[in-house]
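Asks: only the shape, not the letters, is given here:
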């Protein structure tokens, strides 16, 4: 079946611009996660949604980062006033349940480059 | 959240079993052990997870010690396509916290 879909696969933007990254989770998955991965490192947690609400946003680095999931399905990660340090691969994952006995399924990410 | 320790890299001959170790000495009773792998330019791929008992699926086997302080991921017949970064994660709560993982190189 269809997996987690992320668009665009690549995004190049200039410093100071605003970007939106989209995630389409697996159908029926209530939990959705955003991670960020820099070169040579493991993925870093950003935010977790259960349904429409952000249950844990402790990983967002600062107030330039914001994410929404208005209908409990598609999610958008929004980054304002981008900085070169925001360059990374942004990964989205979804899972079935509320507890950690449900594996996360990841998309292939959006590679963001800030010039 | 328990911290995990993995060797930075390992080599394995094609066709042989790959045994990837992981230490999680501070794991609590409610924390699952998860294994993921990541091939270049792709998102992490779920392999297997367990709580107390050993687990097996079509991809791998997971052996968890009785005291749960360590575990081993076993790929029974490694192929060149199994070359990847393998992450061992011990997690409770609502998120997975990734470490640096083990780079497994399968060689012909």
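Replies: That came through fine. On a predicted model such as this, the values are computed, not experimentally measured, just so you know.
Asks: name the residues of chain A found near chain B, please.
Replies: A:4, A:31, A:33, A:35, A:41-45, A:48, A:50, A:55-56, A:59, A:91, A:93, A:98, A:100-101, A:103-109 (CB under 8 Å from any CB of the partner chain). C-beta coordinates here come from the backbone N, C-alpha and C atoms, glycine included.
Asks: from the centroid of chain A, which residue is nearest?
Replies: residue A:34 (3.1 Å; CA atoms, centre = their mean).
Asks: buried ones among the residues of chain A next to chain B?
Replies: In those, burial by neighbour count holds for A:4, A:31, A:33, A:35, A:42-45, A:48, A:50, A:56, A:59, A:91, A:93, A:100, A:103-109, counting by 16 or more other CB atoms under 10 Å in any protein chain shown.
Asks: the residue nearest to the centre of chain A should be in a helix, yeah?
Replies: No: under the criterion used here (DSSP: H, G, I helix; E, B strand; the rest coil), residue A:34 is strand, not part of a helix.
Asks: what's the pLDDT at it?
Replies: As predicted, residue A:34 sits at a pLDDT of 98.
Asks: pull out the buried residues from stretch B:52-59.
Replies: By 16+ other CB under 10 Å, the buried positions in stretch B:52-59 come out as residue B:55.
Asks: how far off centre is that stretch?
Replies: Centroid separation for stretch B:52-59 versus its chain: 11 Å, with CA atoms, centre = their mean, to the nearest Å.
Asks: what sits against the residue nearest to the centre of chain A?
Replies: Residue A:34 sits next to A:23, A:46-48, A:67, A:75, A:77, A:90-92 when contact means CB atoms under 8 Å, 6 or more residues apart in numbering or on different chains.
Asks: for residue B:24, give me its contacts.
Replies: Listed by CB under 8 Å, 6+ apart, the contact set of residue B:24 reads B:2-5, B:31, B:33, B:68-71, B:88, B:90.
Asks: which SS state does the nearest residue to residue B:46 once chain neighbours are set aside fall under?
Replies: Spatial nearest neighbour of residue B:46, excluding adjacent residues (CB to CB, 6 or more residues apart in numbering or on different chains): residue A:103 at 4.3 Å. Each residue gets one of three states, and residue A:103 gets coil by three-state DSSP.
Asks: how many neighbours does the closest residue to residue A:71 other than its chain neighbours have?
Replies: Using CB to CB, 6+ apart and skipping residues adjacent in sequence, the residue nearest residue A:71 is residue A:52, 6.9 Å away. Neighbourhood size, residue A:52 [other CB atoms under 10 Å in any protein chain shown]: 14.
Asks: thanks a lot, catch you later.
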